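> coords please:
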Amino acid sequence: MELKIESLKKVYGEKVALDIPELSISSGELVGLVGNNGAGKTTLLRLILDLIKATEGHVYSNGIDVAAPAPNRGESEAWKYYTGSFVDGRFLIDFYTPEEYFAFIGRLYGIPQSTIDLRLEDFRQLMHDEILGTHKYLHDFSEGNRQKIGIIGAMLIHPKVLLLDEPFNYLDPSSQIVVARLIQQMNRDLGTTVIISSHNLNFVSDISTRILLLEKGHVIKDLPNNEGSATQELNDYFNAEA
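Numbers count the residues shown, from 1 in each chain. Next comes the predicted model:
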């Protein structure tokens, strides 16, 4: 699924949070967004997901303007049914148990419960027997386990487009490795177009096929990342900023 951005701008008062004249992400790419705080990474993800309204411009997902109303509402929102995402904990339903939350996702996307149960087996190593069967509500879990639940929920639908904001936050080193492997596996095996925003340069460099470096709302570098080829250029940039 191709994502295309045209003249996209988000302004808060007099501050330009994001300004991208043109950007295309081809089907099957695994793109890492990197940049210091305030660079515009989360703003970009929220615009792609139509969680905030652009001041100017458009985001197209497989040719659909994600923010445009249409006479046929189902047509304008079709992109939502092949898009998985986890941006922050507000995506969770705190008064559900994990089982209830995953079942809700299945119903929302028309996935049978038997398929949900089968797919959850792929995440056993990430859950460490700390999530399913605990009889706890989501608001009672640690930030790390809430992060895991959100990521699993986003990936459970086998999306054609996957967007994750800081997926390695709150996770212990072993879980970070598992999440990185799951992202890369979904991209490779299902052809999922992936965008991840992260401050963790090591993981981004390890798994991304392309890296976008943002600064003050602008894409200042668009780097192919064949076998970590962008690593040195990224290190040079952040060392100079330090």
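> now for residue 99, how many residues are close by?
17 (other C-beta atoms under 10 Å). Yep, even glycine has a C-beta here, placed from its N, CA and C like the rest.
> so what's it scoring on pLDDT?
Residue 99 carries a pLDDT value of 97.
> so what's it closest to, chain neighbours aside?
Closest residue in space to residue 99, ignoring its immediate chain neighbours: residue 132 at 6.4 Å, by C-beta to C-beta, 6 or more residues apart in numbering.
> just checking, the one you found touches residue 100?
No: the criterion here is C-beta atoms under 8 Å, and residue 132 misses it with residue 100 at 11.2 Å.
> who's more crowded, these two?
Taking neighbours as other C-beta under 10 Å, residue 132 and residue 100 compare with residue 132 leading, 16 against 13.
> now do the phi/psi pair for the more buried one.
Listed backbone geometry of residue 132 is phi -80, psi 140, with angles given as degrees, to the nearest 10.
> let me see the contact set for it.
98-99, 120 (C-beta atoms under 8 Å, 6 or more residues apart in numbering).
> tell me which stretches of the chain form helices.
Applying DSSP state H to the chain gives helices spanning 41-48, 73-76, 98-109, 113-120, 124-127, 143-155, 173-190, 201-207, 231-241.
> among those helices, which is the most enclosed?
Per-stretch averages of neighbours, counted by mean count of other C-beta atoms under 10 Å, single out helix 41-48 among the helices of the chain, with a mean of 23.
> wait, residue 176 touches residue 202, no?
No: contact criterion C-beta under 8 Å: residue 176 and residue 202 do not qualify, at 9.2 Å.
> before we move on, the earlier item: including distance to residue 194, could the contacts of residue 132 go into TSV?
Formatted as TSV, the contacts of residue 132 follow (distance: C-beta to C-beta, whole Å):
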residue	distance to residue 194
98	23
99	26
120	20
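> excluding chain neighbours, what is closest to residue 126?
Closest to residue 126 by C-beta to C-beta, 6+ apart is residue 178, at 4.9 Å.
> oh, I was asking about residue 210
According to C-beta to C-beta, 6+ apart, the nearest residue to residue 210 is residue 31 (4.9 Å).
> give me the number of residues near that neighbour?
Residue 31: 23 neighbours (other C-beta under 10 Å).
> ok, it touching residue 192?
No: shown here, residue 31 and residue 192 do not form a contact pair, counting by C-beta under 8 Å, at 11.5 Å.
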